[in-house]
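Enquirer: how would this look folded up:
(2 chains)
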There are 2 protein chains.
Amino acid sequence: MSSQFSFRLLTTDGAARRGEMTTAHGVVQTPAFMAVGTRGAVKGLTPRDLVGEGAEIILGNTYHLWLRPGDGLIARQGGLHRFIGWNRPILTDSGGFQAFSLVARRRISEEGIRFRSHLDGSEHLLTPEGATDIQAQLGSDIAMALDECLAQPASLDAARESTERTARWAGRCRERFLQLQDTGNGVRPHFEDHGLEAGAIENGVRPLITNPGQAQFGIIQGGTDPELRTSSVERTLAVGFEAYAIGGLSVGEPPDTMYSVVEHTAPQLPADRPRYLMGVGTPLDLVEAVARGIDLFDCVMPTRNARNGQLFTSHGRLAIKNAQFAEDARPPDANCACYTCSNFSRAYLRHLFVVGEMTGAILNTVHNLRFYLDTMARIREAIVFGCLGSLQQTLRSTFSRQMCDL
Amino acid sequence: MSSQFSFRLLTTDGAARRGEMTTAHGVVQTPAFMAVGTRGAVKGLTPRDLVGEGAEIILGNTYHLWLRPGDGLIARQGGLHRFIGWNRPILTDSGGFQAFSLVARRRISEEGIRFRSHLDGSEHLLTPEGATDIQAQLGSDIAMALDECLAQPASLDAARESTERTARWAGRCRERFLQLQDTGNGVRPHFEDHGLEAGAIENGVRPLITNPGQAQFGIIQGGTDPELRTSSVERTLAVGFEAYAIGGLSVGEPPDTMYSVVEHTAPQLPADRPRYLMGVGTPLDLVEAVARGIDLFDCVMPTRNARNGQLFTSHGRLAIKNAQFAEDARPPDANCACYTCSNFSRAYLRHLFVVGEMTGAILNTVHNLRFYLDTMARIREAIVFGCLGSLQQTLRSTFSRQMCDL
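Expert: Okay, here's the model as predicted:
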């Protein structure tokens, strides 16, 4: 592992693990949930809001930050932590998922993903090396390898080809990462926005390493096919990363399928490294995945749903716009100690939502994020006390997939 | 004065006054600026943000709160303070200004303002008694009398007629206010959204007095004509309110005209009561009006301009979207101790503005509001030290009407 990244397993409860992940910007108690700060901000929140509700780590989206304001600009500003005023851990994704999902015209080749920006149509090429360079300039504590996100449903042949390519890209990402670690300590003479300078290192323009303690995670693909997943695990472990993520899930497959793939894949990953399930999920998904050996999560659900007026509570989901809350003086969740629940009523939040006040989105986001972070805290406690199973039962009955208005 | 409202003049510097206004929800150091919380929230901020930057009093808009969520609902929720989670002083306007400015089809008669809601076209009648009842249900610390806001330019005859009507309405507002104070202590048997129940008291439906310590301010009108202003002062003082506001300014007239009207009008108002200049203004306007005897201000400028990316600083105005700030690592204002300036760069704020992140609007609003509150603090200090004139000179050179990019 890189000098500043480590993982310590504290205790287990069945397949569930309670651990501590140390990064260049501090320690994260696991299992952990990462709020999504797509473009350098968790929508509607400031860093003090995040810290106030207990966030230990956030996620940034490489695709968005690369296009605007540019990884070069962020590097020249001292890296992502300093730029956004967040001095706790940050994980960045590789940019691949957005290059696949946001972009209409894209072409995947062995070289990488060629696409036109969703913003201005300008052409870009995202290669494994480029994704590694960009994240080096961003200076996140955890960088992700570039993977191919296969659209589902896919034929087995297509899935196999995609998984193989992801494995080859993993090798290229790791090679570039190690090359940067060897050469990259200290300020380089040139550092430009990547993409303006294709093949940067070859041209003598080296990325600026803004976080020498950065770690890099590999990503397991393979769709819903167990053999492909196992093959992807083998290939990715052979490359060798600080830790590993399971990608390609939560893309529309039934929850049980996702749980099965996690149950199949997670135990094959090294026990002494954190395991990250990308883009997941509902509160129920979190506990179900933890029970199958997952340690890290990220999802836009708490923040996006907050802006859409859906609140997660210990009694289920609550659509704040509903007329039944118009004169409801209770807080969103009487069991929640967040700033919102400590100070405001459902009636007030409904009013703010109905009239479209930004302050409503802020207060809803504060609550939902706190609910997710508290859920992770309950999960961690349950593991320590050896009773994750009963918490699982509780969350199963609270969070069906249906909306449960209180 | 009502039992819980008082004003103490601490010292003066020329016509400028340093005072302390006590309300049912606490003390306000004057001269003071009130952030505008139109619909029960200062856009983009939470109460802890407001408190954190030093806000002592905010303003709520009666027109908006009456239509949504309704003054009856707010009364049933315990009044505006409790509903919005703000336990410091609140002033509410009368609703007249919005009924004039937001609504296309309106008809003014001696009875009041008949208009169709800008939301759904439903017909409403805002009378002097109704505006008083609604504000009684909102429970603000300071209620405003209903005035007619004359569209400028207006003939002298039209201005005279409008000013006379405002004076008659002032009498009706005060009569209703005193009637409510006599009868209104304690919970009433019925309290409905006003407007659903025209002539509420007559029908036995009395408003709920949610703040027995409420004070009521009268409003001086009269356009730009000195004689009309003087006549309005006489008529309004004859009615007798806890204090007085100057209305009908900052509606498009040149700044010097506004300053002249203030200079003419303010000295005619009682020295032992606060004087409120409604809807004003720029940082320069604040000091110019204080120098002419004004104690209270409100304006959407700091909050609205923040959302549009215009920041007020000790060096002038700054358009954060400008390319020159793309890599500017300095805070918006090195002399400002707000949360934003303590933690974030112009480069970051520009990025957030360019990509349209809500967090940018929040951080800009925090700064602009703090700048206004700090400007008032500097004004108060200058009065105490007898050097308001030099602060006036400083602000004149900093804030011309033009945008001064740094």
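Enquirer: need phi/psi at A:His351.
Expert: Main-chain dihedrals, A:His351, degrees, to the nearest 10: phi -60, psi -50.
Enquirer: for it, what are its contacts?
Expert: Counting by CB atoms under 8 Å, 6 or more residues apart in numbering or on different chains, A:His351 touches A:Ala326, A:Gly360, B:Arg39, B:Gly40, B:Arg68, B:Pro69, B:Phe83. No exception for glycine: its C-beta is placed from N, CA and C like everyone else's.
Enquirer: so what pLDDT did it get?
Expert: In this model, A:His351 is scored at 98, pLDDT.
Enquirer: was I right to think A:Ile294 contacts A:Met278?
Expert: No: taking CB atoms under 8 Å as the definition, A:Ile294 is not a contact partner of A:Met278, at 10.2 Å.
Enquirer: list residues touching both of these two?
Expert: With CB under 8 Å, 6+ apart as the test, A:Ile294 and A:Met278 both reach A:Ile246.
Enquirer: buried set for the helix or strand of chain A with the lowest mean pLDDT?
Expert: Least confident helix or strand, chain A: helix A:96-101 with a mean of 88, by mean pLDDT, DSSP states H and E. Buried residues in helix A:96-101, counted by 16 or more other CB atoms under 10 Å in any protein chain shown: A:Gly96, A:Phe97, A:Gln98, A:Ala99, A:Phe100.
Enquirer: list just the nearest of those residues to A:Pro212.
Expert: Each of the buried residues of helix A:96-101 was scored against A:Pro212 by CB to CB, and A:Gly96 proved nearest at 24.4 Å.
Enquirer: distance-wise, check the closest one relative to A:Leu156.
Expert: 22 Å (CB to CB, to the nearest Å).
Enquirer: for the helix or strand hosting A:Tyr63, packing partners?
Expert: Per DSSP states H and E: A:Tyr63 is located in helix A:62-67. Other helices and strands packing on helix A:62-67, by 3 or more CB pairs under 8 Å, 6 or more residues apart in numbering or on different chains; DSSP states H and E, are helix A:71-76, helix A:96-101, helix A:128-138.
Enquirer: can you name the residues in contact with that helix?
Expert: Residues contacting helix A:62-67 (CB under 8 Å, 6+ apart): A:38-40, A:71, A:74, A:80, A:92-99, A:102, A:117, A:119, A:124, A:126, A:131, A:134-135, A:138, A:144, A:193-195, B:355.
Enquirer: any idea which residue of the stretch 201-350 of chain A lies closest to chain B?
Expert: Residue nearest to chain B within the stretch 201-350 of chain A (CB to the nearest CB): A:Asn343, separated by 4.4 Å.
Enquirer: now that residue: phi and psi?
Expert: phi -130, psi -20.
Enquirer: re earlier: strands paired with the helix or strand following the least confident helix or strand of chain A, and their directions?
Expert: Toward the C-terminus, helix A:96-101 is succeeded by strand A:106-108 as the next helix or strand (DSSP H and E). Paired with strand A:106-108 in the same sheet, following DSSP bridges, are strand A:113-116 (antiparallel).
Enquirer: buried residues in the strand it pairs with?
Expert: A:Ile113, A:Arg114, A:Phe115.
Enquirer: enumerate the residues of the stretch 251-400 of chain A near chain B.
Expert: Residues of the stretch 251-400 of chain A found near chain B (CB under 8 Å from any CB of the partner chain) are A:326-327, A:329, A:339, A:343-345, A:347-348, A:350-352, A:354-355, A:357-363.
Enquirer: buried among these? Make that a PyMOL selection.
Expert: Buried residues within those, by 16+ other CB under 10 Å, are selected in PyMOL with:
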select buried, chain A and resi 326+327+339+343+344+345+347+348+350+351+352+354+355+357+358+359+360+361+362+363
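Enquirer: would a markdown table of the buried residues of strand A:113-116 with pLDDT be doable?
Expert: Shown next, in a markdown table, are the buried residues of strand A:113-116 (pLDDT from 0 to 100):
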| residue | pLDDT |
| --- | --- |
| A:Ile113 | 95 |
| A:Arg114 | 94 |
| A:Phe115 | 92 |
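Enquirer: and which of the residues you listed is nearest chain B?
Expert: A:Phe115 (18.6 Å).
Enquirer: apart from its neighbours in sequence, what residue is nearest that closest one?
Expert: A:Arg106 (3.8 Å; CB to CB, 6 or more residues apart in numbering or on different chains).
Enquirer: just the pLDDT at that neighbour, thanks.
Expert: A:Arg106 is given a pLDDT of 87.
Enquirer: please apply the same query to A:Ala32.
Expert: So, for A:Ala32, pLDDT stands at 98.
Enquirer: in the sheet, who's paired with it?
Expert: A:Leu296.
Enquirer: residue contacts, it?
Expert: A:Met21, A:Glu56, A:Ile57, A:Asp295, A:Leu296, A:Phe297, A:Met376.
Enquirer: again with A:Gly79
Expert: Here A:Gly79 is in contact with A:Gln137, A:Leu138, A:Gly139, A:Thr210, A:Asn211 (CB under 8 Å, 6+ apart).
Enquirer: neighbours around the second one, how many?
Expert: Counted with other CB atoms under 10 Å in any protein chain shown, the neighbours of A:Leu138 add up to 26.
Enquirer: the last one now?
Expert: A:Asn211 is surrounded by 24 other residues when neighbours are defined as other CB under 10 Å.
Enquirer: packing partners of the strand or helix carrying A:Ser342?
Expert: For A:Ser342, the host element (DSSP H and E) is helix A:339-343. Applying 3+ CB pairs under 8 Å, 6+ apart, we find helix A:339-343 packed against helix A:358-384.
Enquirer: mind listing what's buried along the helix it packs on?
Expert: Across helix A:358-384, burial judged by 16+ other CB under 10 Å covers A:358-380, A:382-383.
Enquirer: now the residue nearest the centre of chain A: how far from A:Pro47?
Expert: Closest residue to the average C-alpha location of chain A: A:Asp298 at 3.5 Å, with CA atoms, centre = their mean. According to CB to CB, A:Asp298 and A:Pro47 sit 17 Å apart.
Enquirer: so who does the nearest residue to the residue nearest to the centre of chain A once chain neighbours are set aside touch?
Expert: Distances taken as CB to CB, 6+ apart put A:Met34 closest to A:Asp298, at 4.1 Å, once the chain neighbours are dropped. A:Met34 makes contact with A:Ile57, A:Ile58, A:Leu59, A:Leu91, A:Leu296, A:Phe297, A:Asp298, according to CB under 8 Å, 6+ apart.
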